[in-house]
Structures are given as C-alpha cells and as structure tokens.
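Q: Sequence and predicted structure, then a few things I'm wondering about:
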Amino acid sequence: MKKAIEIAEYFVWLAKERGAEPVSNLKVQKLLYYAQGYALGNFSRPLFLERVMAWNFGPVVEEVYEEYKRFGYGPIDLPEEFNAETFDPDERELLESVFEAYGDLSASALVEQTHNEEPWRASKLKSEITTRAMQAFFKRNLFKRM
C-alpha cells in the first residue's frame, strides 16, 4: 500500500505529464480525498492509511499538508526521484480517473464541492473524516463525476 505522500506525488506528476495546471497543496489535498473515497467506494479498501481530516478548507491529509506547506498556494515541485512505474495498473487507473474527473477544477472549486458533501459536513472541524463515512458516501455517488 502506498503512502499518501506518494499518491500526492503521482497527482503532481500527472498534472505535469498532461500539461495541466500545476497542483497546489490545497488542490492535492482534495484529490487525495477523492482518490481515497473512490478506492473505498469501488474496492471497499483504502488507498492509503493516513487519516483524512476535516479542516476549514475541506479534507486534508495532515502528513501531506506538512510536507507541502512550504509551497504555500503555489505549485508543488516533483521530487527528482519520483517514479510513476512503482504504481500498479489498478492504482494508476484509479488515480488517472480521479484526475480526469477533478483535475480540471480549481482548488477553490474543490473546496466548495467538498464542503457540500456529506463526509466533510458530518465531521467536526479538526476531526477525522472516517473511512466508513467516505465509503458510504462514495458507494452511493460513484458515478456522479467519474
């Protein structure tokens, strides 16, 4: 199982590969949330083990936030040692589907969208958005955007 930071790096790499707008810390947090949600909804298992927290600006994986906060609101730099080939085909397919569905949205649009979704709304600020809550929501809403 990959760490959340590795999943985040994949999204940064994917944006660069596709010539898309670079990914900020705020945006990558939302992409991580959607990737975790769709993994739970589709496969009933998490993509990564780190907790997703309910923060003011939506879902956040704190370990990833801490790693990338030095970039502020700017684009995240991809580490030189990143290798997309370490991801298996199922992981790649899931992450690319999430990016296809949400990668074109701005960070602020993703914040607004997550604020309107049950997992974040039902969680107290600074508390965990449980995998159970995400799984239930994403099982019901699998094909709304993907």
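A: Sure, I can see it. Just so it is clear, the model here is predicted, and its values are computed rather than measured.

Q: residues touching the residue nearest to the spatial centre of the chain, list them.
A: Here the mean C-alpha position of the chain is nearest to the C-alpha of L32 (Cα atoms, centre = their mean), at a distance of 1.2 Å. For L32, the contacting residues are A4, I7, A8, F11, F48, V52, P59, V61, V64, taking Cβ atoms under 8 Å, 6 or more residues apart in numbering as the criterion. (Glycine included, C-beta is placed from N, CA and C.)

Q: element containing the last one, please.
A: Secondary-structure assignment from DSSP states H and E places V64 in helix 62-68.

Q: Next up, the contacts around F71.
A: S24, N25, D77.

Q: In a markdown table, list the residues you listed along with neighbour count.
A: Compiled in a markdown table, the contacts of F71 are given as follows (neighbours: other Cβ atoms under 10 Å):
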| residue | neighbour count |
| --- | --- |
| S24 | 18 |
| N25 | 22 |
| D77 | 12 |
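
Q: which residues of the protein fall in strands?
A: Taking DSSP state E as the test, the strands found in the chain are 52-55, 58-60, 128-129.

Q: Only alpha carbons, please: show the longest one as PDB.
A: Looking back up the chat, that one is strand 52-55. This file holds the C-alpha atoms of strand 52-55, laid out as PDB (Å, rounded to 0.1, in the frame of the first residue of the first chain):
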ATOM      1  CA  VAL A  52      -8.200  12.400   6.200                       C
ATOM      2  CA  MET A  53      -9.100  15.300   8.500                       C
ATOM      3  CA  ALA A  54     -11.900  17.900   8.300                       C
ATOM      4  CA  TRP A  55     -10.200  21.200   8.200                       C
END
